[in-house]
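**Student:** Sequence and predicted structure are below.
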Amino acid sequence: MSKKIVVTGLGATTPLGGTARESWDALLAGASGASTIEAEWVEQNQLPVTFAAQAKVPASEVLERVEAKRLDPGSQFALIAAREAWADAGLDEVVPERFGIDWATGIGGVWTLLDAWDTLRERGPRRVLPMTVPMLMPNAPAAAIEMALGARGGARTVVSACASSTESIANGYDHLQAGLADVIIAGGSEASIHPLPLAAFASMQALSKRNDDPASASRPYDATRDGFVLGEGGAAIVLETEEHALARGARIYAEVVGGAVTSDAYHITAPDPEGSAAARAMIAAIEGAGYSRNDVVHINAHATSTPVGDIAEYNALKHVFGAHLANVPVTASKASTGHLLGAAGGIEAIFTILALAERTAPPTINLHEQDAEIDLDVVRSPRALGDGDLLAISNSFGFGGHNAVVALKTY
């Protein structure tokens with residue numbers, strides 16, 4: 001028998017704020033998290049892109065120095081977000097064996113890896129830190145959360161590029177449905193604002209080069225969009241079976257009703273321009289939960305602000321919703337947060353959850369001249385979503401042709 005899976009806790013540290021609530025409030029206010037990178041390594045490496053969407057609150061201001069020293073920045077963001085979500089859910093005691101972690105990252109501990117490589121080359125093998133491998137491994141954030149909160153029901157890690165944390169939420173939903181746990185913390189974290197990823201993304205012409213105006217550089221659906229803005233942070237969601245949540249008197253934000261994962265089998269970086277596999281993921285998430293496509297009243301789109309990516313997603317949306325698409329307000333929140341890669345789907349799921357809980361679709365900033373080929377109802381200012389049961393989806397698509405979608409409903 002299908003179980004109801006509910007959301008009882010939210011946590012985040014993003015370019016918009018140091019908590020989930022601060023990030024949501026800044027999104028509603030139309031803020032941008034992008035700014036010039038004030039670091040010597042930008043000029044030293046002659047980077048063609050000199051800005052990013054950096055975490056609003058540095059992890060060093062939240063974690064104790066001794067704790068932070070043993071964690072890659074990606075794990076630091078994960079721990080901050082997970083602790084906030086745990087506290088927000090009011091979870092004092094959970095049977096450890098019934099408590100699991102479904103986490104995600106797109107790249108892993110890139111700062112640790114490349115710093116260690118520099119140390120090896122410049123100072124020799126004896127100076128490489130013994131904690132290097134435990135810090136750089138992609139499952140390190142999940143391990144940090146599991147140890148900090150005492151989860152013994154499994155700590156899994158998804159690495160599927162920019163679809164990663166949406167896939168982790170879908171996995172958490174499945175694991176709860178399968179009876180493997182009563183409580184799961186799902187989400188993702190990323191900390192790759194580093195010279196190498198910046199140079200590499202710029203080399204493939206994926207990044208916006210609006211160095212003179214970072215705040216307006218991420219402009220999904222705009223006719224003048226020229227690439228995404230690299231972001232960083234972490235986002236965590238506490239998922240529980242409804243039975244477990246009600247038994248402890250938990251506050252419930254929303255219900256997760258489905259999730260789906262597909263793959264393009266098309267190209268390592270470019271999306272399938274027809275968006276057929278992305279469309280299948282949306283359909284599976286909606287109809288697998290027992291709903292009609294016409295029930296969807298809000299979409300948080302992947303919408304990275306790349307010329308080809310936004311079009312491909314629009315083609316997928318047309319395939320899924322047809323004429324109903326004109327009735328669905330769409331938010332492209334990467335306009336404000338930048339692209340958090342493996343953490344993007346986590347924060348966007350939180351924004352979708354809060355949109356349902358507060359019945360308000362958040363705005364998309366920096367849309368000045370909408371692309372004539374993208375006929376969407378893009379939310380420009382906070383918009384009421386109405387009464388009754390509301391169904392929404394959050395989309396994430398990643399390099400390698402990874403597609404992940406979660407469907408969420410008011411509770």
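**Tutor:** Structure's in. What do you need? Residues are numbered from 1 along each chain as shown.
**Student:** how long is stretch 215-233 end to end?
**Tutor:** For stretch 215-233, the first-to-last residue distance is 17 Å (CA to CA, to the nearest Å).
**Student:** Then stretch 293-308?
**Tutor:** Terminal-residue distance, stretch 293-308 (CA to CA): 25 Å.
**Student:** Averaged pLDDT, it. What do you get?
**Tutor:** Averaged over stretch 293-308, pLDDT sits at 98.
**Student:** wait, T304 sits on D310?
**Tutor:** Yes. When contacts are counted by CB atoms under 8 Å, T304 is listed as touching D310 (7.1 Å). Backbone N, C-alpha and C define where each C-beta goes, glycine included.
**Student:** joint contacts of these two?
**Tutor:** P220 (CB atoms under 8 Å, 6 or more residues apart in numbering).
**Student:** Next, count neighbours for the closest residue to C162 other than its chain neighbours.
**Tutor:** Nearest residue to C162, sequence neighbours excluded (CB to CB, 6 or more residues apart in numbering): G398, at 3.7 Å. G398 has 25 neighbours, counted by other CB atoms under 10 Å.
**Student:** can you pull the contacts of G398?
**Tutor:** 106, 160-164, 404.
**Student:** Of these, just say which sits nearest to E373.
**Tutor:** Minimum distance to E373 across the contacts of G398 is 22.3 Å, recorded for C162 (CB to CB).
**Student:** Against A343, how distant is the closest one?
**Tutor:** 9 Å (CB to CB, to the nearest Å).
**Student:** Who has more neighbours out of the two?
**Tutor:** Looking at C162 and A343 with other CB under 10 Å, you find the greater number of neighbours at A343, namely 37 against 28.
**Student:** show me where pLDDT drops low in this protein?
**Tutor:** Along the chain, segments meeting pLDDT under 70 span 1.
**Student:** Can you pull the domain assignment for this structure?
**Tutor:** Split into domains by automatic domain parsing, the chain comes to 5-247, 257-409.
**Student:** Overlap of the contact sets of C162 and A343?
**Tutor:** G106.
**Student:** which element is the residue lying closest to N171 once chain neighbours are set aside on?
**Tutor:** Closest residue to N171 apart from its sequence neighbours, by CB to CB, 6+ apart: D102 at 4.7 Å. Assigned by DSSP states H and E, D102 belongs to strand 99-104.
**Student:** Quick one: list the elements packing against that strand.
**Tutor:** helix 140-149, strand 155-158, helix 164-177, strand 183-190 (3 or more CB pairs under 8 Å, 6 or more residues apart in numbering; DSSP states H and E).
**Student:** So which of those is the most surrounded?
**Tutor:** strand 183-190 (a mean of 34; mean count of other CB atoms under 10 Å).
**Student:** and the angle from that one to strand 99-104?
**Tutor:** 20 degrees (axes from the mean of the first three to the mean of the last three CA atoms, to 10 degrees).
**Student:** and strand 183-190 with helix 140-149, angle?
**Tutor:** Going by the same axes, to 10 degrees, strand 183-190 makes 140 degrees with helix 140-149.
**Student:** Which strands border strand 183-190, and is each parallel or antiparallel?
**Tutor:** strand 99-104 (parallel), strand 233-241 (antiparallel) (DSSP bridges).
**Student:** got the ones you listed as TSV, with mean neighbour count columns?
**Tutor:** TSV is the format used below for the strands paired with strand 183-190 (neighbours: other CB atoms under 10 Å):
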stretch	mean neighbour count
strand 99-104	30
strand 233-241	31
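**Student:** Quick one, which of those strands gets closest to E358.
**Tutor:** Closest among the strands paired with strand 183-190, using CB to CB: strand 233-241, at 16.2 Å.
**Student:** what angle do that closest one and helix 164-177 make?
**Tutor:** Using the same axes, to 10 degrees: strand 233-241 against helix 164-177 is 20 degrees.
**Student:** List the contacts of whichever helix or strand comes after strand 233-241.
**Tutor:** Moving toward the C-terminus from strand 233-241, the next helix or strand (DSSP H and E) is helix 242-247. By CB under 8 Å, 6+ apart, the residues outside helix 242-247 that reach it are 3-6, 8, 182-183, 252, 255.
**Student:** Mark which of those residues are buried, thanks.
**Tutor:** 4-6, 8, 182-183, 252, 255 (16 or more other CB atoms under 10 Å).
**Student:** Show me which residues of stretch 47-57 are buried.
**Tutor:** Those would be 47, 49-57, for stretch 47-57 by 16+ other CB under 10 Å.
**Student:** So which of those residues sit within strands?
**Tutor:** Members of the buried residues of stretch 47-57 lying in strands (criterion: DSSP state E): 51-52.
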